[in-house]
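A.B. asks: Need coordinates for the following:
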Amino acid sequence: MTDAIWAIDHVGFTVPDLEQAVGFFVDAFGCELVLECGPYDSVGYVWPDEEQPEPGSLRLAILRHGSHNLELLEYRNCASSRLREPPRPAEIGSAHLALYVENIVTATEELRARPGVRILGEIITEEDGPMKGLDWVYVLTPWGMQLELIRWPLGMPYEQATTSRLAPPPVLQPGQARG
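C.D. replies: Numbering: from 1, shown residues only. Got it, this is the predicted structure:
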């Protein structure tokens, strides 16, 4: 490791409609809109083997949820925008945002009631192995972004095999009982 200080600053996702995505995250999850920027006449990066930034425009918004920052990017008129549907979870380049919830059943039903939201299957509970007791379900936003709702108890079995620990969501304080 270098002498540099490393910390995760934000996670970014490309969305087709910035206003729709910002509204969804603010309304559904209580995110705070911190800033919006653009439009910029350049996408801002130079892809390998290309000599200049890709033509197109970029707008972005940065939201905050607790101690996490979320960047939403809307690209327009880009030559490389070939995909018409987001990649499935098993495809290279796919990504998802996992949101910890206290009550996964209630959270899933609240999202199911939102127009355009799709729940991808039933809530799964890990029955054995290092993540025994963890509940999860995938969700698609109205524009096709993958989310995962997740609920995990303190003291999962993986903790018996290592001193390393997952970084807990702020709502999970040591000593709080989780079923």
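A.B. asks: buried stuff in the top helix by length along the chain?
C.D. replies: Identified as the longest helix of the chain according to DSSP state H is helix 18-29. Neighbour-count burial for helix 18-29 flags L18, Q20, A21, V22, F24, F25, A28, F29 (criterion: 16 or more other C-beta atoms under 10 Å). From N, CA and C alone the C-beta is placed, and that goes for glycine too.
A.B. asks: which residues does the third one contact?
C.D. replies: Counting by C-beta atoms under 8 Å, 6 or more residues apart in numbering, A21 touches F13, V15, A61, L72, E74, T141, W143, M145.
A.B. asks: And the buried ones among those residues, selectable in ChimeraX?
C.D. replies: Under the burial definition 16+ other C-beta under 10 Å, those of the contacts of A21 that qualify are selected in ChimeraX by:
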select :13,15,61,72,74,141,145
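A.B. asks: Give me the phi and psi for the nearest residue to L140 once chain neighbours are set aside.
C.D. replies: Nearest residue to L140, sequence neighbours excluded (C-beta to C-beta, 6 or more residues apart in numbering): R118, at 4.4 Å. Here is the backbone geometry of R118 (degrees, to the nearest 10): phi -120, psi 130.
A.B. asks: State the distance from R118 to T163.
C.D. replies: According to C-beta to C-beta, to the nearest Å, R118 and T163 sit 39 Å apart.
A.B. asks: Tell me what the most centrally placed residue in the chain is bridged to.
C.D. replies: Most central in the chain under C-alpha atoms, centre = their mean is L97, positioned 1.9 Å from the mean C-alpha point. On the basis of DSSP bridges, L97 is bridged to L147.
A.B. asks: Hmm, I150 and it touching each other?
C.D. replies: No - with contact defined as C-beta atoms under 8 Å, L97 does not reach I150; the gap is 10.5 Å.
A.B. asks: how distant is stretch 14-23 from the center of its chain?
C.D. replies: When distances are taken as C-alpha atoms, centre = their mean, to the nearest Å, stretch 14-23 is centred 13 Å away from the chain's centroid.
A.B. asks: Pop the domain breakdown of this protein in here.
C.D. replies: Structural domains annotated on the chain: 1-82, 86-166, as defined by automatic domain parsing.
A.B. asks: Make CSV out of those and add mean pLDDT.
C.D. replies: What follows is the domains of the chain, written out as CSV (pLDDT from 0 to 100):
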stretch, mean pLDDT
domain 1-82, 88
domain 86-166, 92
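A.B. asks: Show me which parts of stretch 43-52 are buried, residue by residue.
C.D. replies: Here stretch 43-52 shows V43 as buried, counting by 16+ other C-beta under 10 Å.
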